[in-house]
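K.L.:
With the input below, show me the fold.
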Amino acid sequence: MEIRKKEYAIGIDIGGTKCAVVLGRQPVSGEEGEALILDKKCFSTGKCAGWEEAVDKMTELTEDLLSRNGLGVSDLAGIGISCGGPLKHREGIIMNPPNLVGWRNVPIVEILRERFGIPVCLENDANAGAVAECRFGRARGKENVVFLTFGTGLGAGLILNGSLYRGTNDMAGEVGHIRLSRFGPVGYGKTGSFEGFCSGSGLAQLARARLLEERQAGRLLDDPRWAPSEEITPEKLAAAAREGDGFARSVYRISAGYLGKGLAVIIDMLNPEMIIIGSIFERCEDLFREEMCREIEQEALKSSYGVCQVAAASLGDRIGDYAALAVAFGYDGLCGGRREA
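P.N.:
Presented below is the predicted three-dimensional model:
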């Protein structure tokens, strides 16, 4: 079957740790299925000298993907960018995300539009993730859905009454800024915030604080896994927790408890039918589920929690790719519709 033009798109997923540039294709008339990921290239965000170098790298990889797949810019429906907030969706400006140091008022849509001469759209990564899960994943057919990123940072994408809700100035869903405790790890510039307790950097902060307590109490002094020179990562903590390490399990238990507290607020306020959590939760659900549910049961209204399913993202490591492509193709998130050009 001959593939018509404009069935392809480029998705760019900008994260605090890495950026991915993805080439995707929609099913053509008569085909079944959803958007297909045809090719992908990544680079480390942190190794770029600044946002200018990162945007240059995105441009370079876009051109490389098109070239090695025998395509040109004229074959693209557009470019979709998924990035952590805060940002200005309509103006196409990345304002100053806490996990992208120095990315202040970056006019990324204007830059890429001038470079490629095709439609470019910017969307908050949590919003894009919510759309992707509703279009391609576990939340198909749902009308009230909250998607939580739970990666380098924590943000929420809101699908309310079947539509993506951005808020008055694109700031809806910044739940990571909610303070859950007077004291605790720092996230989104706030001590004891939801993001502080429930993010990759937050887990590492929790572990370092707990480790200091243990050492001052004369414990864990001879355990090489927790030596002062050793880096602490969520992956390392998860591996140790699954091996039965009490210290690692205590860190995840604290994070899980605050995850439950935060989810209870969301459940009581928005009354969703589904909350989908990605990234670290998706990989470590077994370490979060029990304590999280205990806190939700204690804190949330029973009638609201009774109709809300809390689930791990079904798209797994592909969520960022599909999120960016959903932005590029202009899906409305639920009904398979698309924005009007």
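
K.L.:
Please list all residues in contact with Lys57.
P.N.:
Lys57 sits next to Cys19, Phe43, Cys48 when contact means C-beta atoms under 8 Å, 6 or more residues apart in numbering. No exception for glycine: its C-beta is placed from N, CA and C like everyone else's.

K.L.:
Closest one to Ile118 out of the residues you listed, please.
P.N.:
Checking the contacts of Lys57 against Ile118 with C-beta to C-beta, the nearest one is Cys19 at 19.4 Å.

K.L.:
what about that closest one, which SS state?
P.N.:
Following DSSP: H, G, I helix; E, B strand; the rest coil, Cys19 is assigned to strand.

K.L.:
show me where the stretch 151-300 of the chain has strands.
P.N.:
In the stretch 151-300 of the chain, the strands defined using DSSP state E, counting those that start in this stretch lie at 156-160, 163-165, 186-187, 190-191, 274-277.

K.L.:
helices or strands up against the third one?
P.N.:
With contacts defined as 3 or more C-beta pairs under 8 Å, 6 or more residues apart in numbering; DSSP states H and E, the secondary structure elements packing on strand 186-187 are helix 194-197, helix 200-216.

K.L.:
and with 6 Å instead?
P.N.:
Judged by 3 or more C-beta pairs under 6 Å, 6 or more residues apart in numbering; DSSP states H and E, strand 186-187 is in contact with helix 194-197.

K.L.:
go on, the longest one?
P.N.:
The contact analysis (3+ C-beta pairs under 6 Å, 6+ apart) places strand 156-160 against helix 125-136, strand 145-148.

K.L.:
quick check: angle from that strand to helix 125-136?
P.N.:
50 degrees (axes from the mean of the first three to the mean of the last three C-alpha atoms, to 10 degrees).

K.L.:
and Met171, how far is that from Leu87?
P.N.:
9 Å (C-beta to C-beta, to the nearest Å).

K.L.:
who has more neighbours, these two?
P.N.:
Leu87 (28 against 15; other C-beta atoms under 10 Å).

K.L.:
quick one on the thing from earlier: least reliable of the helices and strands packed on strand 156-160 going by mean pLDDT?
P.N.:
Ranked by mean pLDDT, the helices and strands packed on strand 156-160 bottom out at helix 125-136, with a mean of 91.

K.L.:
need the strands for the stretch 1-150 of the chain, in chain order.
P.N.:
For the stretch 1-150 of the chain, the strands defined by DSSP E, counting those that start in this stretch occupy 8-14, 18-25, 36-44, 76-83, 87-88, 93-94, 120-124, 145-148.

K.L.:
Any idea how far the second one is from the middle of the chain?
P.N.:
Pointing back at strand 18-25 there. Relative to its chain's centre, strand 18-25 lies at 15 Å (C-alpha atoms, centre = their mean, to the nearest Å).

K.L.:
Now it: average pLDDT?
P.N.:
Mean pLDDT, strand 18-25: 95.

K.L.:
Could you do the fifth one as well?
P.N.:
In this model, strand 87-88 carries a mean pLDDT of 90.
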